[in-house]
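> What shape does this take:
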Amino acid sequence: MTDPRPRIFWFRRDLRLGDNDGLTAAADGGPVVPVFVLDPETEAIGAAAKWRLGQSVADLRARLREAGRDLILRRGAAGDVLRALAKETGAGAVHWSRCYEPEVARRDEAISAALESDGVAAVTHRGFLLREPWEIETRAGGHFKVFTAFAKAAAGGAPDCLPPPRLRAPRTWPDTEALGDWALGASMNRGAAVVARYATVGEVRALDRLDAFLDGPIRDYARDRDRPDRDGTSGLSENLTYGEISPRRIWHAAERASGGAAAFRRELLWREFAWHLLWHTPHIATRNWRDDWDAFRWRRDNKEAEAWRRGMTGEPMVDAGMREMYVTGRMHNRVRMIVASYLTKNLLTHWKVGLDWFADCLTDWDPASNALNWQWVAGSGPDAAPFFRIFNPRSQAEKFDPDGEYRRRYITRAGQSGRPALDFFDAVPRSWKLDPDREPPEPLADLAATRRRALDAYEAVRRS
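Okay, the predicted model is just below:
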């Protein structure tokens, strides 16, 4: 027999109806009051991610309202909001999907204890991963530090996907705040209108995007995934970030595909590895994962790094990537490695300068993947590229953008007009005073000389 008291379901990084363990469990127990909480932790995320989150919340709310339901919006400390909402609605339980940042997990444990002390059950469910970080262990019972070993251990089957549950409405709906009052896109300024043209928001469009990928690009994924001039990737990173689609739905769909499916699933496992590391070694997000790199003399923020941020280094492949991110909110993965190598090795600038800029500009920002990928390229992280592996942006362009199509897409020249290259100038702050009719700048760095400088700096640390 179901409990007549409503259940609260707290949406977080699972902004979808289908294949949602926690939402299904809440619906099985009685009427459901869905809620999204704008807590201080969420308000602190970067400008692009916060804007994109607002788009996802709006889409989910519209879907629920079409079905005669609602998404209650409340602002404040999550524990206070949930306790007050439970008292207001007479809820017997609060359900939510687990998050895996260690500090968030500790906060959630305190919320659980507070709810239980109020006589309200706190029920948590599997979150946004195929396997939870503590489920994959080495034979010795510890956590993995090498991706290849982790991938082998984690590549087992995932549970079946769940259909969207039938949600029963409570007798009365509690009051809700207006999403527009939250101004989640305020920090984007005029850039929000530009990035909106390139966003694919919501569960329905995420599923369509998956189908389109499976209908064609996945066949050549192993070959084309490194080609930014081709439409060879799934584009699902932004949808995974907000839980508009579940990783196990993608995993099962890829299992039924041919061609590059194995390489594609391996990228899902890399995402899992990033969260495995963040859970077990949380310092990866803030300092060198390998302590021996603490002796490396990184440059802090500097004027060359500012030129990098603005896509004005004079290296077309680097500048195209930085402009792609500012225009679309995303950047092709191969190009992410190139721009990260240029900042950390050619400019000898600390990887955290780049990590922080990506966190502010990416709509598909994922704290674990961002940290692991920056440290992998810099050389300071687990499974890191050897320090001497420095991505030369010119040879990389010749190999992966041989006809220059990607670079032309994002770099303007005097008298040239076209999208999305011109969108960059509509999105950037006016204070940058960038002019699309000016020729691109001369190269900021001598690639050969700065490569030697980086190798000498590494060798000095190694000898010491």
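
> can I see the domain layout of the chain?
Residue ranges for the domains of the chain, per automatic domain parsing: 1-127, 190-280, 291-463.

> okay, these in TSV with mean pLDDT and mean neighbour count next?
(Glycine included, C-beta is placed from N, CA and C.) Formatted as TSV, those follow (pLDDT from 0 to 100; neighbours: other C-beta atoms under 10 Å):
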stretch	mean pLDDT	mean neighbour count
domain 1-127	96	19
domain 190-280	96	19
domain 291-463	94	19
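
> so which of the ones you listed gets nearest residue 136?
Nearest of the domains of the chain to residue 136, taken as C-beta to C-beta: domain 190-280 at 6.2 Å.

> quick revisit: residue 181 is nearest to which of the domains of the chain?
domain 1-127 (8.6 Å).

> out of the domains of the chain, nearest to residue 168?
Nearest of the domains of the chain to residue 168, taken as C-beta to C-beta: domain 1-127 at 4.5 Å.

> Find out how far the closest one is from the centre of the chain, if you would.
Distance of domain 1-127 from the chain centroid (C-alpha atoms, centre = their mean, to the nearest Å) equals 20 Å.

> Equivalent analysis for stretch 452-464, please.
Taking mean C-alpha positions (C-alpha atoms, centre = their mean), stretch 452-464 and its chain are 33 Å apart.

> same question, stretch 144-153
21 Å.

> With stretch 444-462 instead?
Relative to the centre of its chain, stretch 444-462 is centred 31 Å away, using C-alpha atoms, centre = their mean.

> mind exporting it as CSV, just the C-alpha atoms?
Below are the C-alpha coordinates for stretch 444-462, written out as CSV (Å, rounded to 0.1, in the frame of the first residue of the first chain):
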residue,chain,number,x,y,z
LEU,A,444,52.8,35.3,-29.3
ALA,A,445,55.4,32.6,-28.7
ASP,A,446,58.3,31.0,-30.6
LEU,A,447,57.1,27.4,-30.4
ALA,A,448,60.5,25.8,-30.7
ALA,A,449,62.1,28.1,-28.1
THR,A,450,59.3,27.8,-25.6
ARG,A,451,59.3,24.0,-26.0
ARG,A,452,63.0,24.0,-25.1
ARG,A,453,62.3,26.3,-22.2
ALA,A,454,59.6,23.9,-20.9
LEU,A,455,61.8,20.9,-21.2
ASP,A,456,64.7,22.6,-19.5
ALA,A,457,62.4,23.6,-16.6
TYR,A,458,61.2,20.1,-16.2
GLU,A,459,64.7,18.7,-16.3
ALA,A,460,65.8,21.1,-13.6
VAL,A,461,63.0,19.9,-11.3
ARG,A,462,63.8,16.2,-12.2
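
> contacting residues around that stretch?
Counting contacts by C-beta atoms under 8 Å, 6 or more residues apart in numbering, the residues outside stretch 444-462 that touch it are 292-293, 295-297, 304, 307-308, 312-315, 342, 345-348, 379, 387-388, 390, 392-394.

> What about these, which are in strands?
Per DSSP state E, strands hold no members of the contacts of stretch 444-462.

> How about the backbone phi and psi for residue 72?
phi -80, psi 130 (degrees, to the nearest 10).

> which residues sit in contact with it?
Taking C-beta under 8 Å, 6+ apart as the test, what residue 72 contacts is 33-36, 85, 173-176.

> before we move on, what SS does residue 9 have?
Using DSSP: H, G, I helix; E, B strand; the rest coil, the structure places residue 9 in strand.

> what about the residue lying closest to it once chain neighbours are set aside, helix or strand, and which?
The shortest distance from residue 9 to any non-neighbouring residue, by C-beta to C-beta, 6 or more residues apart in numbering, is to residue 26 (4.3 Å). In the assignment (DSSP states H and E), residue 26 maps to helix 21-29.

> contacts for the strand ranked longest in the chain?
In the chain, assigned by DSSP E, the strand with the most residues is strand 32-38. Residues from elsewhere that reach strand 32-38, judged by C-beta under 8 Å, 6+ apart: 6-12, 15, 23, 26, 57, 60, 64, 69-76, 78, 81-82, 85, 89, 91, 167-170, 173-174, 182, 184.

> Report the angle between that strand and helix 21-29.
For strand 32-38 against helix 21-29, the angle by axes from the mean of the first three to the mean of the last three C-alpha atoms, to 10 degrees is 150 degrees.

> C-terminal to strand 32-38, what's the next element?
Beyond strand 32-38 toward the C-terminal end (DSSP H and E), the next one is helix 40-43.

> hmm, back to that, can you add distance to residue 279 and give the contacts of residue 72 back as JSON lines?
Listed next are the contacts of residue 72 as JSON lines, based on distance: C-beta to C-beta, whole Å:
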{"residue": "33", "distance to residue 279": "30"}
{"residue": "34", "distance to residue 279": "27"}
{"residue": "35", "distance to residue 279": "26"}
{"residue": "36", "distance to residue 279": "24"}
{"residue": "85", "distance to residue 279": "29"}
{"residue": "173", "distance to residue 279": "36"}
{"residue": "174", "distance to residue 279": "34"}
{"residue": "175", "distance to residue 279": "37"}
{"residue": "176", "distance to residue 279": "33"}
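
> So which of the contacts of stretch 444-462 sit within helices?
304, 307-308, 393-394 (DSSP state H).

> And the strands in the protein?
7-11, 32-38, 72-75, 93-97, 121-125.

> Walk me through which strands the first one pairs with, and which way each runs.
Strands adjacent to strand 7-11 in the sheet, as given by DSSP bridges, are strand 32-38 (parallel), strand 93-97 (parallel).

> contact partners of it?
Outside strand 7-11, the residues within contact range by C-beta under 8 Å, 6+ apart are 22-23, 26-27, 29-37, 57, 60, 71, 78, 82, 85-86, 89, 91-96.

> Look up how far residue 269 lies from the nearest residue to residue 373 once chain neighbours are set aside.
Nearest in space to residue 373, with sequence neighbours left out and distances taken as C-beta to C-beta, 6+ apart, is residue 336 at 6.6 Å. Per C-beta to C-beta, to the nearest Å, residue 336 is found 18 Å from residue 269.

> now residue 4
The value you get for residue 4 to residue 269, if C-beta to C-beta is used, is 43 Å.

> For residue 148, find the nearest of the domains of the chain.
domain 291-463 (7.9 Å).

> circling back: the ones in helices among the contacts of stretch 444-462 into TSV, with extra columns for distance to residue 201?
Putting the ones in helices among the contacts of stretch 444-462 into TSV (distance: C-beta to C-beta, whole Å) gives the following:
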residue	distance to residue 201
304	35
307	32
308	29
393	32
394	36
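
> which one among those gets closest to residue 195?
Nearest to residue 195 out of the ones in helices among the contacts of stretch 444-462 is residue 308 (C-beta to C-beta; 19.8 Å).

> which residues does the closest one contact?
318, 322, 339, 342-343, 347, 349, 354, 444.

> In JSON lines: those residues, plus distance to residue 250.
JSON lines is the format used below for the contacts of residue 308 (distance: C-beta to C-beta, whole Å):
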{"residue": "318", "distance to residue 250": "30"}
{"residue": "322", "distance to residue 250": "28"}
{"residue": "339", "distance to residue 250": "26"}
{"residue": "342", "distance to residue 250": "31"}
{"residue": "343", "distance to residue 250": "30"}
{"residue": "347", "distance to residue 250": "36"}
{"residue": "349", "distance to residue 250": "34"}
{"residue": "354", "distance to residue 250": "27"}
{"residue": "444", "distance to residue 250": "39"}
